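In: here is my input, please return the structure:
(3 chains)
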Amino acid sequence: MAKTRTDAPLLDVRNLSVQFTTRAGTVTVLDDISFTLERGERISFVGESGCGKSMTALALMGLLPAMGRVSGGQILFKGEDLTQASAARLRRLRGNEVSMIFQEPMTSLNPVFTIGQQIVEVLRLHRGIDNASARRRALELLEAVRIPNASARIDDYPHQLSGGQRQRVMIAIALACEPEILIADEPTTALDVTVQAEIFALLRDLGTKLDTAIILITHDMGAVAQMSERMLVMYAGRRVEEGRVADVVGAPAHPYTRGLIACVPHITSNVAAITEQLPEIDGIVPPITRFGRDECLFAPRCIRVADGCLAAKPQQVEMAGHDAHSVACWHPFASEGAKG
Amino acid sequence: MSAQLALDVRNLSVSFPMRGRDADGRRRRLLAVDDVSFSVARGKTLGIVGESGSGKTTAAMAVARLVPKMAGSIIIDGTDFGALDTEALRRARQRVQIIFQDPYSSLNPRLRAADIVREPLIYAGATSRTEQDRIIDELFEAVGLRPEQKALFPHQFSGGQRQRIGIARALSTRPSLIICDEPVSALDVAVQAQILNLLKSLQAQFGLTYLFISHDLGVVQHMCDDIAVMYMGQFMEYANRESFFAAPRHPYSEALLDAVPTIEVGAQATGGKLVDGAIPDLTKPQTGCRFASRCPHVAAGCEDSVPLLDVWPGTSDHQLACYRAAEFAAS
Amino acid sequence: MASAERSTPRVTEELVATAQHPAREMLTMFVGNRAAMVASIILMAIVLAAIFGPMLHPVDPFEMVWAPFTPPGQDGFVLGTDYLGRDMLAALLNGGRVSLTIGLVAALMSVFIGISFGALAGFYRGVVEEILMRITEFFQVLPTLLFSMVIVALFGASLEVVTIAIGIVSWTAVARITRAEFLRIRELEYVTASRAAGASNITLITRVILPNALPPIIVQAALMVGSAILFEAGLAFLGLSDPNVVSWGQIIGSNRPYILDASFTVTIPGLAIFVTVLSISLIGDGLNDALNPKLRAR
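Out: Below is the predicted model:
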């Protein structure tokens, strides 16, 4: 990585907290999240559903649900604090400098317009270019996302495309304005595995070519290893582990990270090595009403739980021997520990 | 030998009527499953893997006789399940039970958990209310639910717990065969492991036979004794687990395996360099290998006739349907 | 990581402790809707008045008892007298009985026909659906008022015929809703599970799918009681209802020529209809919210 790191990072999220006001009272859904993102860098947010991965992305986009608000911290995008930005500024930002693709490519596209019209619309909205050149650009984009025979498919409606092709169109729309950050929220969950591999390859290539930073939200450690340089493991609205993918996957320090990696059956050519039972993480993510307490929220599910775990919230500490690998745990695995 | 088989399916074909007619004026039909044969020994698991549209779920539903088959025989525990007529079929249905993908739509929201598990027992008859209660208690314990949860309604459970109720329901009549239709793909990662472990331990405890439908090769490898790879209505490869994962021989199996992202950093999934070809139209008779349009090893002859499953030389039961496997295996 | 054998998770146990029966949740939701609660109380009062009123105020609504057009409150007549000197209060109470009965019976009839058509069409699909839905469409496009007038003209203006006429012209909405729900629910996996467990078609229709299809049908049925009352009022106003019984519509219809001289003879039964139908609508709305699981989840 020959990145110039002299300036401030592209995105610098500092101690971001988000609260929801519900009938049951105020709950903290994001609790003190910090991370940075360099230009062209790829980072993954990992965790189970309900851990705040998507909420972090929505906060970056200024798209929190009505009951939610940023209750603390800053989101510095090229030095500008997005938590203080006006609605109009955020509207200009979205789709232009920061854009997003979602899990379900069918419902993200408008069924009554052709895919060409939908790309042209975005270009005209954000770039203010005329119809003819927007259409030329749309065609280029469809070719860039490797839609076969793009000049014929540009006038197709979304239902005429396969799931994988629809996701490619979504990527084309997301990249239409050459954003500096692309957020991909479980972009391949609804797709077949061969299509997933193609979409990942496409995202990597385009990210490199356009120097777009990519935030991948996923629960699949394989996807993380394929797509990202750094990763951030989230649990119950908190960051529990962060570091370079090689470090975290190679020597996970937090019991949750370790459990997430181990509980998935990974393919091996040595069938004899397969154990009868998979290592489990007990239980499920707590309800959001328990988020934000001054204790380790993972403790009830943790195999290393000890007396002090519920006494206070663990702080993020650097792991020895690794660069920028930190963990929030009272009893982390040592970093020289081999793979779980 | 055949007495040991819980399920023996021969030459199963399933087609669905489509809108419109073909050139000969016949109603167009989509051949979703085309002449597929497989068997599962008692207490074992057969996995059928494939991508969406491969026909794997349709084949399983045809085995359960929930979609009509066009041709083929289905023998379950020695009886010809495929030939039963309406009323006899209704009574025999308890022999085959299903664990569904979606834990939210697979439980009747108006029934209490205990009554969901009770339902198959009622239809099967032959058990008194007290016997049913005893079976329900036993199953609740076996799947890891607490007795006081019997009175709760589905929406009061988490996804994993709901799947446990679905598993208890599938076990209630002690079926000869349980079809697991993507049983964990709708669940959260950590919960997937819990359910897979439960399925394994129940199999050991009760000697269950599974027909396991999945798109996830990792899960299939973990769960299944035999593996069939399905593409566009036919098996491409059919082998036992050791043989298959030691050396998958069909280009499609290879592509599938290559596409699975591994946790080894930097080793990037390629998708087996699949060709971006047109997918065959299953409403028309196939004239060649279905996979030819996307196969990186395609050669002259592949599209002239349909390759049939054949035992790979030097193995006892590793079957594959490919003209070119021998050639590129040598190279 | 040797905890694999433990199968009952700890965290989940706390989650279910506070869960309630769905019917109770529904009730909480309904009671929380103030408009629906007020409407329920008003409707209850109207129903009680219709049931017990004629016993507590035993005056024949057809008998001339005093001078015509006695204004309300005068000479001991709480609601006055009509153009033939008949007691308006007696007419209103007796008419309420008839109007409410017609509304209820006609709505029940529509629901029965509608569910039968919709359920069979939605469950069996194919030819059965084609035939049943064509019949439904036929009834849907009939001009309802004209059609019921024809029925009444043919079979005589008795209470039964009027009720049947109203029922026949208003079941199509129920049939369409029921069919749509059946089409949706029959594809859900729990229906497949019941089928795989050996449920017969009758069981699937009546015990598995129908209970889950009921919420929108109940809402529609509630609204239909209101519209049946209005419909009867319309027929009675045109003089096409049973002349031997009093109904709210009939009171309005017979006093129509004197609307300028004694407006109370028309406005009082008019208000009764308005309040009743409005209450029923509000209750229907409340039911809709209470039965809608999406809103309940909030």
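In: which parts of the stretch 201-340 of chain A sit against chain C?
Out: The stretch 201-340 of chain A comes close to chain C at residues A:258-259, A:262, A:277-280, A:282-287, A:300-301, A:303, A:340, as judged by CB under 8 Å from any CB of the partner chain. Placement of C-beta: from N, CA and C, glycine included.
In: dihedrals phi and psi, residue 228?
Out: This is for chain A. phi -120, psi 160 (degrees, to the nearest 10).
In: to clarify, I was referring to chain B.
Out: According to degrees, to the nearest 10, residue B:228 has phi -120, psi 130.
In: and for it, the neighbour number?
Out: Residue B:228 has 26 neighbours, counted by other CB atoms under 10 Å in any protein chain shown.
In: need the three-state assignment for residue B:229.
Out: Under DSSP: H, G, I helix; E, B strand; the rest coil, the three-state class of residue B:229 is strand.
In: run a quick neighbour tally on it.
Out: 28.
In: any idea how far it lies from residue B:248?
Out: 8 Å (CB to CB, to the nearest Å).
In: now residue 224: which helix or strand?
Out: Looking at chain A here, since you left the chain open. If you go by DSSP states H and E, residue A:224 is part of helix A:221-227.
In: ah, I was thinking of chain C
Out: helix C:210-237.
In: how about that helix and chain B, any contact?
Out: Yes: using CB under 8 Å from any CB, helix C:210-237 reaches chain B at C:211-212.
In: how far does that helix sit from its chain's centre?
Out: Mean-position distance between helix C:210-237 and its chain equals 3 Å (CA atoms, centre = their mean, to the nearest Å).
In: please enumerate the shared neighbours of residue B:229 and residue B:248.
Out: residue B:237 (CB atoms under 8 Å, 6 or more residues apart in numbering or on different chains).
In: separate out the buried members of the residues of the stretch 201-340 of chain A next to chain C.
Out: A:258-259, A:262, A:278-280, A:282-286, A:300-301, A:340 (16 or more other CB atoms under 10 Å in any protein chain shown).
In: reformat the residues you listed as a markdown table; add pLDDT.
Out: Formatted as a markdown table, these follow (pLDDT from 0 to 100):
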| residue | pLDDT |
| --- | --- |
| A:258 | 94 |
| A:259 | 94 |
| A:262 | 91 |
| A:278 | 91 |
| A:279 | 91 |
| A:280 | 90 |
| A:282 | 88 |
| A:283 | 88 |
| A:284 | 88 |
| A:285 | 90 |
| A:286 | 90 |
| A:300 | 92 |
| A:301 | 93 |
| A:340 | 36 |
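In: overlap between the residues you listed and the residues near chain B?
Out: A:259, A:278-280, A:282, A:284-285.
In: any chance of those residues in CSV, plus secondary structure?
Out: Formatted as CSV, those follow (three-state DSSP):
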residue, secondary structure
A:259, helix
A:278, coil
A:279, coil
A:280, coil
A:282, coil
A:284, coil
A:285, coil
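In: which one of these is nearest residue B:157?
Out: Of all those, residue B:157 sits closest to residue A:284, with 10.7 Å by CB to CB.
In: the closest one and residue A:333, how far apart?
Out: In terms of CB to CB, residue A:284 sits 23 Å off from residue A:333.
In: tell me the pLDDT of residue 248.
Out: Chain wasn't specified; assuming chain A. You'll see residue A:248 listed with a pLDDT of 93.
In: sorry, I should have been clearer: chain C.
Out: Residue C:248 is given a pLDDT of 88.
In: next, name the residue at the spatial heart of chain B.
Out: residue B:213 (2.8 Å; CA atoms, centre = their mean).
In: what bridges to that residue?
Out: residue B:48, residue B:181 (DSSP bridges).
In: so residue A:269: helix, strand or coil?
Out: Applying three-state DSSP: residue A:269 is coil.
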